[in-house]
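[1] give the three-dimensional model of this entry:
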Amino acid sequence: MSLPFFIFLLIALVTLGSAAVALALKNIIRAALLLIVSWVGIAVFYLWAGAEFVAFAQVLVYVGAISMVVLFGVVLTRRTPVSVADTTVAPSMRVLAGIASGGLVALVVLWGILRTDLPQTYSNAAAPVATMRTLGLELMGQYAGAILIVGALLTAALLGSIILAAHDKNEITSENTKQ
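    Numbers count the residues shown, from 1 in each chain. Below is the predicted model of the structure:
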């Protein structure tokens, strides 16, 4: 087994293993943290494949932004612990549903791969060179204002959701009964 294949296998095992354990956990906070590990594994795979810009975007968007929104949402909206045993679906049915949905996803991916037309001839032409600097200049040149506005809107939406979720339900109902 060659070293690059071993590295790929290691990255894949960490990524898929953390995602699988995240799905199996009952504690949603730990599941969210393991999902972050899975997203970091995907970013490491992008770095290993030579796609630095995509790897850094993965870290910024998923590991940085989305994971924080998930953790804030979970922490601020959960008032009482809910156990998985309280659900009406039997554990064996959940396992069967998970296997069936995983099989269906695998079939769709396999169908998509088999239906893709692969090029029959290969060209020796060099691929265009896109460095991190050129990508950064392209994104932050013409679109810098739009990116900043979208960032401000997303920050305002996150702060608004935190404020709405932070209110206790008793405070809201007592305010409504006073009026």
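
[2] only C-alpha atoms from now on, for both contacts and neighbour counts.
    OK.

[3] show me the shaky parts of this protein.
    Counting by pLDDT under 70, the chain shows low-confidence ranges at 1, 78-89, 118-123, 161-179.

[4] show me where it has helices.
    Remark: helices assigned in the chain by DSSP state H are 3-24, 28-49, 52-58, 67-77, 91-115, 132-141, 144-166, 169-178.

[5] which residue is nearest the middle of the chain?
    The C-alpha lying nearest the average C-alpha coordinate of the chain belongs to residue 62 (Cα atoms, centre = their mean; 5.1 Å).

[6] quick check: that residue vs residue 34, distance?
    The spacing between residue 62 and residue 34, counted by Cα to Cα, to the nearest Å, is 13 Å.

[7] and the protein, what are its domain boundaries?
    Following automatic domain parsing, one gets these domains for the chain: 1-80, 131-168.

[8] hey, which of the ones you listed is tucked in deepest?
    domain 1-80 (a mean of 16; mean count of other Cα atoms under 10 Å).

[9] just to revisit the earlier point, I'd say the residue nearest to the centre of the chain and residue 39 touch.
    Yes. Here residue 62 reaches residue 39: they are 6.7 Å apart, a contact under Cα atoms under 8 Å.

[10] for residue 63, which non-adjacent residue is spatially closest?
    In space, not counting the residues next to it along the chain, residue 63 is nearest to residue 36; the distance is 5.7 Å by Cα to Cα, 6 or more residues apart in numbering.

[11] quick check, residue 22 in contact with residue 32.
    Yes. In this structure residue 22 lies within contact range of residue 32 using Cα under 8 Å: 7.0 Å.

[12] out of the domains of the chain, which gets nearest to residue 117?
    Nearest to residue 117 among the domains of the chain is domain 1-80; the distance by Cα to Cα comes to 22.7 Å.

[13] residue 49 and residue 106: what is the separation?
    To residue 106, residue 49 is 23 Å away according to Cα to Cα.

[14] scratch that, residue 114
    12 Å.
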